[in-house]
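J.: next comes the sequence, and after it the predicted model I'd like to discuss.
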Amino acid sequence: QVRLVESGGGLVQPGGSLRLSCAASGFAFSGYSMSWVRQAPGKGLEWVADIKTQDGNSYYHFAVKGRFTISRDNARNTVYLNMNNLKPEDTAVYYCARGVLPRFEDWGQGTLVTVSA
């Protein structure tokens, strides 16, 4: 059974940092590209970043490029999202997903990030 468990969300002031983690189980983690997707209050889902397994390259939404970094530790079956210089518009539930656009195979339950003074 595939399981994705996010953690690390919370309340942070603008300009602050957070590190999200997604612990994966139930599949061969190293063989899959992984993504982070977010949903702001009252808005639709928005792809944030992904990290490929074939070449290890990572890709970012223009709104977070230069501030967020996606990484993975295949030995720990974990994907991370380091978020720096957070802005109020980054407030959202952040989801870890197995796969990349246009189709995600599995989702976690999400972790809430609130950026507010």
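T.: Arrived safely.

J.: for the helix or strand of the chain at the bottom of the mean pLDDT ranking, packing partners?
T.: Sorting the helices and strands of the chain by mean pLDDT, DSSP states H and E puts strand 103-107 at the bottom, at a mean of 93. Packing partners of strand 103-107 (3 or more CB pairs under 8 Å, 6 or more residues apart in numbering; DSSP states H and E): strand 34-39, strand 92-100. C-beta: built from backbone N, CA, C; applies to glycine.

J.: which secondary structure elements does the first one sit against?
T.: So the one you mean is strand 34-39. strand 18-25, strand 45-51, strand 68-73, strand 78-83, strand 92-100, strand 103-107.

J.: remind me which residues of the chain are low pLDDT?
T.: 54 (pLDDT under 70).

J.: go with 90
T.: Residues of the chain meeting the criterion pLDDT under 90: 53-56, 101-102.

J.: bridged to the residue sitting nearest the centre point of it, which residues?
T.: Using CA atoms, centre = their mean, the residue of the chain that lies closest to the mean C-alpha position is Trp36, 2.9 Å off. For Trp36, the beta-bridge partners are Ala49, Cys96 (DSSP bridges).

J.: rewinding a little: of the helices and strands packed on strand 103-107, which is nearest Val48?
T.: strand 34-39 (4.4 Å; CB to CB).

J.: report the angle between the closest one and strand 103-107.
T.: 80 degrees (axes from the mean of the first three to the mean of the last three CA atoms, to 10 degrees).

J.: which residues sit against strand 34-39?
T.: 20, 22, 24, 45-51, 70, 72, 79, 81, 90, 92-101, 104, 107, 110, 113 (CB atoms under 8 Å, 6 or more residues apart in numbering).
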